[in-house]
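S.K.: Starting from these lines, generate the structure:
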Amino acid sequence: MPEAVFGWDIGGAHVKAACWAGGQVRDVAQWPCPLWKGLEHLDIALDAAFARWPRLAQAAHAVTMTGEMADCFAHREDGVARIAARLAERLPAPRFFAGEGWCGASDAGANWPAVASANWLATARHTAAALAPEAGLLVDIGSTTTDLIAFGGGRVAGASRRDVDRLASGELVYHGVVRTPLCALARRIPWRGRPLNVMNEFFATTADVYRLSGELDPAHDQHPAADGAAKDEAGSRARLARMIGLDARDADDAEWDRFALAWRAEQLDELRGQLARVAAANGLPGDALAVAAGCGAFLVPEIVPPGWRVRPYVGAVAALAPQAPAESAAWAQVAAPAVAVAALYEREAGRCGS
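M.R.: Residues are numbered from 1 along each chain as shown. The predicted model follows:
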């Protein structure tokens with residue numbers, strides 16, 4: 001097979017890609033891709049990838065996806081088939097991750113239940129195998145969702161594979177640190193000593209909270225703000241004020257920044273509760289290991305139980321090549337499924353018909 005494998009995670013909001021060779025991450029990148037607006041946005045992201053890596057046509061390609069959920073598709077089967085077909089037009093013989101196996105573009109539609117929304121499983125399989133026989137939890141907090149996946153003995157724990165089942169078990173939580181509407185975090189929020197009903201409008205997102213807390217890397221903030229205005233502290237304060245029927249001029253900057261922390265606390269409480277459910281269901285020990293991934297990995301130390309250990313996905317699971325660009329470690333954390341699917345393909349290519 002070619003020397004390099006490119007792993008792709010085709011999401012509904014971003015395209016992530018990782019160059020993997022010789023058991024190491026060589027380069028990683030992410031591009032915004034509002035797939036709900038049409039497949040042409042996937043082409044734009046692919047154009048950017050070819051500009052970054054001119055030799056893409058000479059590499060092997062392993063793909064996972066969640067973008068089939070975008071509402072430009074009639075249903076998930078349609079989304080898998082059309083994404084696979086478009087990628088096959090641009091990339092040489094891409095192989096699609098199907099949980100425990102692989103398929104080509106022509107078979108992806110027929111295998112859509114295994115191909116659809118399997119990116120979390122790629123990361124979890126890579127993590128479990130790399131850390132065997134350790135028991136722990138993969139905690140991947142992204143821009144839109146959080147995955148909480150138990151592993152142990154070199155295998156992914158739990159029987160949930162479909163999103164509908166993972167939503168029931170707590171393994172999939174629609175909370176992220178960029179795109180989640182604030183009205184999804186709480187029904188009521190405290191302001192000046194009294195709880196207020198939240199305005200259930202798309203006035204602000206979690207990116208506004210983590211801009212004001214200083215925790216969100218601007219490089220990971222790739223989509224427009226809720227109102228299309230400036231993605232700076234002043235714009236974030238104005239958007240938070242709208243959530244409770246006020247304007248930014250109704251309080252000083254310090255008070256709005258404290259208000260952002262109230263929203264942050266609501267999100268962390270929810271994530272702690274969901275993590276506790278998954279940990280209990282899988283009998284994880286009191287000194288379990290949490291593997292932190294995603295652009296919201298900075299939250300992981302605050303949501304794990306006391307006594308747990310926290311290690312980053314890069315370093316604990318994925319090795320970074322010495323010649324990798326300086327920013328690749330941060331992007332490999334964010335794009336863990338793309339890294340993982342490339343690593344799995346390199347390991348399994350001999351038995352998946354590459």
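S.K.: Next, count neighbours for the spatially closest residue to Thr146 that is not a sequence neighbour.
M.R.: Nearest residue to Thr146 in three dimensions, chain neighbours excluded: Val173, at 4.4 Å (CB to CB, 6 or more residues apart in numbering). The C-beta positions use only the backbone N, C-alpha and C, and glycine is treated the same way. For Val173, the neighbour count with other CB atoms under 10 Å is 22.
S.K.: Pretty sure Val173 sits against Leu271.
M.R.: Yes. Between Val173 and Leu271 there is a contact at 6.6 Å, judged by CB atoms under 8 Å.
S.K.: shared neighbours, those two?
M.R.: Residues touching both Val173 and Leu271 comprise Thr146, with contact defined as CB atoms under 8 Å, 6 or more residues apart in numbering.
S.K.: returning to what we had before: gap between the residue nearest to Thr146 and Leu137?
M.R.: 13 Å (CB to CB, to the nearest Å).
S.K.: quick one, domains of this protein?
M.R.: Domain assignment for the chain, taken from automatic domain parsing, gives 5-121+318-351, 133-177+270-314, 188-262.
S.K.: can you tell me which residues contact Arg161?
M.R.: 99, 121.
S.K.: Return the per-residue confidence for it.
M.R.: Arg161 carries a pLDDT value of 88.
S.K.: Doesn't it belong to a helix?
M.R.: No. Counting by DSSP: H, G, I helix; E, B strand; the rest coil, Arg161 is not part of a helix but coil.
S.K.: Now do the top helix by length along the chain, average pLDDT.
M.R.: Longest helix of the chain, by residue count under DSSP state H: helix 253-281. Helix 253-281 carries an average pLDDT of 98.
S.K.: For that helix, name the packing helices and strands.
M.R.: strand 136-141, strand 146-152, helix 163-169, strand 172-173, strand 188-191, helix 206-212, helix 233-242, helix 300-303 (3 or more CB pairs under 8 Å, 6 or more residues apart in numbering; DSSP states H and E).
S.K.: Would you reformat those as TSV and include distance to Gly38?
M.R.: Below are these laid out as TSV (distance: least, CB to CB, whole Å):
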stretch	distance to Gly38
strand 136-141	27
strand 146-152	27
helix 163-169	23
strand 172-173	26
strand 188-191	36
helix 206-212	24
helix 233-242	27
helix 300-303	35
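S.K.: For Gly283, find the nearest of those.
M.R.: Among the helices and strands packed on helix 253-281, strand 146-152 comes nearest to Gly283, with 8.7 Å by CB to CB.
S.K.: Beyond that closest one, next helix or strand please.
M.R.: strand 155-156 (DSSP states H and E).
S.K.: what's that next one in contact with?
M.R.: 121, 124-125, 128, 149-150.
S.K.: Only alpha carbons, please: show stretch 180-190 as PDB.
M.R.: Extracted in PDB, the C-alpha atoms of stretch 180-190 (Å, rounded to 0.1, in the frame of the first residue of the first chain):
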ATOM      1  CA  THR A 180     -24.300  24.100  20.900                       C
ATOM      2  CA  PRO A 181     -27.100  26.700  21.400                       C
ATOM      3  CA  LEU A 182     -27.000  28.000  24.900                       C
ATOM      4  CA  CYS A 183     -30.800  27.400  25.300                       C
ATOM      5  CA  ALA A 184     -29.900  23.700  25.200                       C
ATOM      6  CA  LEU A 185     -27.900  23.900  28.400                       C
ATOM      7  CA  ALA A 186     -30.500  25.100  30.900                       C
ATOM      8  CA  ARG A 187     -34.200  26.000  31.200                       C
ATOM      9  CA  ARG A 188     -33.400  28.600  33.900                       C
ATOM     10  CA  ILE A 189     -30.200  30.400  34.700                       C
ATOM     11  CA  PRO A 190     -29.200  32.600  37.700                       C
END
